[in-house]
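>>> okay, predicted coordinates and the sequence, questions at the end:
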Amino acid sequence: MKRAGLFVVDTRCGVIGNYITVIIEDIRNSLDSVIILLTGGELCDGEEKKIERYADSIFFLPEVNPLLAIREVIIKDEIKSLIKNIDELVIFDDSFYGPFIPFAKIFEEMEKSDSDFWGITKRAEYFEEERLIKEYLQRYFIVFRKKILSSDFFWAFFARNIGVKKIVANNSDFDYGITWFFSENGFSYNAYVKDDDLNIETAFNYNHIKYSPFLILSKYKIPVLPKYCFSENKDLKRGNGEETMNILSYIQETIGYDVDNIWEDLLRKVNISILKDNLGLNYVVSDMKVHELPINKRIIVIAHLYYEDLVEGCLKYLMQVPDSIDILITSSKKIILDTVQERLGQVINNKIETKIVQNRGRDVGAIFVECRDVIRKYDYLCFVHDKKTSGGRGLVTTGRSFHDMVWQTMLSSGNYIKNTIHLLEENKRLGLLSPPIPIHSGYEILLPNGWTLNYEKAREWEKRLGLNVPFDDYNQPFAFSTCFWCKTDALKKIWESDINISDFKEMGQRMDGELNHVLERLIIYVAQDAGYYSALVENSFYASLMQQNLYIYLRERLIEREEKYKKKNNNRLKRYLKDKSKIYIYGAGIEGEKAETVIRNLGFLIDAYIVTDCYFDKCVSNLSPIIKLSDAELKNAGVIIAMNKPNEAEARANLRKIGYNEAIPLFMKRG
């Protein structure tokens, strides 16, 4: 068996990730020759060396679309000659992680199949809106055997562009384009993963890998995992998404694959907000079981205090800080620093320092400018500051609730602090922990519009800080308070930047869009650029409270939406029924009874329930009067269709046969 591989690598980020070298190092053992296609961008210095020892040939192509890149290389004379002298050609790309078993075992298993081409997984047929998409092999790994390689059809597809015109728009088109073209020309195919028992019927088939990744890994033993499990926005219409949250720990602990290879790539290429949603990056830290502090790490809590009337409440939390953690208090008011130094010094044994800072940039200026020389000495940092509603900008309770939330979720207790640091210690890629997103008193706008007026300014500071991570104005940030726990090197680009106190406006009323608000949102992307993920953190009290508040908020919004829908639907029915000579309900079942109630409540009376002629004698209903469709007087009449979707389609067809096209459903489509 002589086998060659054609490996398509997307190089738009300029680097070769560790997961790519894992793939090529393993599969090289099963291939006699390897051609690597580097597509979409130039590599940074030294990156090519990571893979050149595995390759017989390397091609650099500006083309991003994988099919067109393959086509460009496959028509070269030297590649044509190679293909004519091999038994199998493996076309694969870098859009998956793995392998979780050696590729050699996969090839060995598939040698038992006499199919003409095969892949690792296939997608069962399904409906894409109204369009039927037939079964196809997923394109990230496909093997063509001699029968295809020696046929004119192979060159027709890849070299002469026959059948390719419609399949270059996206990856799914590429997927089913390959399978359809070759299967319709008489070639058989197969898949390594046997998950056909998950397919019930076409209308309910789904992408098993995307929506059941844990099941596909644990039961069906998929040997690789496509990236889109992590990188596409979460879809709650298919379930809770708990399977995606579980797969990284399963891959690491049960399979033994180093998930740091996955984290490295995800943090380079996927918006951290998407990762937070898909991987459930929300931690509830206990106040009970205690993990002791690491003995070889320096830790500091920095608190910026501005409001004299809030000092007493802040001291309560600062007194919880374990003795081995240093404390630094900053303020623009000497009276606050003197009070805190005296009070804390009487109660705790921590190293306590104070620092007078300018009242410019307030908490953000203090931590990112005035304290950066101090921070460089430490491994872990907690930053907190006081908050309140003032200056006629809202109820006092608004700011008080926000203040209490950030202090409790940062410094709830001594045990909580120790356990939070342990969380950072045991998760190598966790770099920053932020309080929950507030949703009270108007803050709920942050859920759909977290950037508010700060996105364009964030883009400017992205360039100034030299960040190279994906973020956009659709996926919203989730850090808003400038209170956080972090590994100090996660925010290194801020500590070492040229941000100056003069970049902040003199403190008056803080306005959205100023640097303060930009940086508090940008810190999760700074951490991501440093190779860390960020997450939300809270204690059990706030986990319970926030869950309840989210439920209340969602319920209120759904009630509002439902009321708007009912009003709009009722107005539609009124306009339709207003001048009708007769009113009929097509359907004499439960839906018909419901329709009569709705219509009566709108001030109209129906004349009869309609039943299709062929069902009339079989109709069993307590509704009255019921008539045959053929007996209905439809001239200038109104017909409300009250039945399920399949029967509704049949009813409309029956009405069209007798020349009536004005029927409407009881409920309009929800937008």
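Great, that's in hand.

>>> pLDDT averaged over the strand or helix carrying residue 19 - what is it?
Element membership for residue 19 (DSSP states H and E) is helix 18-27. For helix 18-27, mean pLDDT rounds to 98.

>>> which helices and strands does that helix pack with?
strand 3-10, strand 33-39, helix 49-52, strand 88-93, helix 260-269 (3 or more C-beta pairs under 8 Å, 6 or more residues apart in numbering; DSSP states H and E). (Glycine included, C-beta is placed from N, CA and C.)

>>> out of these, flag the one nearest residue 231.
helix 260-269 (7.2 Å; C-beta to C-beta).

>>> report the inter-axis angle for the closest one versus strand 3-10.
40 degrees (axes from the mean of the first three to the mean of the last three C-alpha atoms, to 10 degrees).

>>> output helix 260-269 as CSV, nothing but the C-alphas.
Extracted in CSV, the C-alpha atoms of helix 260-269 (Å, rounded to 0.1, in the frame of the first residue of the first chain):
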residue,chain,number,x,y,z
ASP,A,260,-3.0,22.7,26.1
ASN,A,261,-2.6,22.2,22.4
ILE,A,262,-6.3,23.0,22.0
TRP,A,263,-6.2,26.0,24.3
GLU,A,264,-3.2,27.4,22.5
ASP,A,265,-5.0,27.4,19.2
LEU,A,266,-8.4,28.5,20.5
LEU,A,267,-7.0,31.5,22.3
ARG,A,268,-5.2,32.5,19.2
LYS,A,269,-8.2,32.3,16.9
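
>>> specify the angle between that helix and helix 18-27 in degrees.
140 degrees.

>>> remind me what helix 260-269 packs against, helices and strands.
Applying 3+ C-beta pairs under 8 Å, 6+ apart, we find helix 260-269 packed against helix 18-27, strand 96-97, helix 228-231.

>>> looking at those, which is buried most?
The highest mean neighbour count among these, using mean count of other C-beta atoms under 10 Å, belongs to strand 96-97: a mean of 24.

>>> which strands border it, and is each parallel or antiparallel?
Strand 96-97 pairs in its sheet with strand 225-226 (antiparallel), by DSSP bridges.

>>> on the three-state scheme, residue 353 is what?
strand (DSSP: H, G, I helix; E, B strand; the rest coil).

>>> quick one: the residue lying closest to it once chain neighbours are set aside from residue 383, how far?
Spatially, and ignoring its direct neighbours in sequence, residue 353 is nearest to residue 328 (5.0 Å; C-beta to C-beta, 6 or more residues apart in numbering). Look at residue 328 and residue 383: by C-beta to C-beta, to the nearest Å, they are 10 Å apart.

>>> pull up the overlap in contacts between those two.
Both residue 328 and residue 383 are in contact with 301, 302, 303, where contact means C-beta atoms under 8 Å, 6 or more residues apart in numbering.

>>> doesn't the last one lie inside a strand?
Yes: membership of residue 303 in a strand is supported by three-state DSSP.

>>> what secondary structure does residue 432 sit in?
Strictly by three-state DSSP, residue 432 counts as strand.

>>> now do the helix holding residue 19 against strand 33-39, angle only.
160 degrees.

>>> phi, psi for the residue nearest to residue 334 when sequence neighbours are not counted please.
Sequence neighbours aside, residue 356 is the residue nearest to residue 334 in space, at 6.2 Å (criterion: C-beta to C-beta, 6+ apart). For residue 356, the backbone dihedrals are phi -80, psi 130 (criterion: degrees, to the nearest 10).

>>> what sits against residue 356?
Here residue 356 is in contact with 330, 331, 332, 334, 337 (C-beta under 8 Å, 6+ apart).

>>> PyMOL command to pick out the buried ones of those residues?
Applying 16 or more other C-beta atoms under 10 Å to the contacts of residue 356, the buried members can be selected in PyMOL as follows:
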select buried, resi 330+331+332+337
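
>>> endpoints of stretch 179-191, how far apart?
End-to-end distance of stretch 179-191: 11 Å, with C-alpha to C-alpha, to the nearest Å as the criterion.

>>> please work out the average pLDDT along that stretch.
Rounded mean pLDDT across stretch 179-191 is 94.

>>> that stretch: which residues count as buried?
179, 180, 181, 182, 183, 187, 189, 190, 191.

>>> got CSV for these, with distance to residue 666 too?
What follows is the buried residues of stretch 179-191, written out as CSV (distance: C-beta to C-beta, whole Å):
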residue, distance to residue 666
179, 42
180, 40
181, 45
182, 48
183, 44
187, 50
189, 46
190, 48
191, 44
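
>>> okay, and which of the residues you listed map to helices?
Using DSSP state H, the subset of the buried residues of stretch 179-191 located in helices is 179, 180, 181, 182, 183.

>>> name the helices or strands packed onto whichever helix in the chain runs longest?
For the chain, the helix with the greatest residue count under DSSP H is helix 540-577. Under the contact definition 3+ C-beta pairs under 8 Å, 6+ apart, helix 540-577 sits against helix 396-411, helix 590-601, strand 638-641, strand 664-665.

>>> partners of the next helix or strand after the second one in the sheet?
To tie it back to what came earlier, the one meant is helix 590-601. Next helix or strand after helix 590-601 toward the C-terminus (DSSP H and E): strand 608-611. Using DSSP bridges, the strands paired with strand 608-611 are strand 583-586 (parallel), strand 626-628 (parallel).

>>> buried deepest among those strands, which one?
Note that of the strands paired with strand 608-611, strand 583-586 is the most buried (mean count of other C-beta under 10 Å), with a mean of 24.

>>> and the contacts of that one?
In contact with strand 583-586 (C-beta under 8 Å, 6+ apart) are residues 577, 592, 595-596, 599, 604-610, 629, 632, 634, 637-643, 651, 655, 663.

>>> all helices of the stretch 201-350 of the chain, in order?
208-211, 213-218, 228-231, 242-250, 260-269, 272-279, 311-318, 334-347 (DSSP state H, counting those that start in this stretch).
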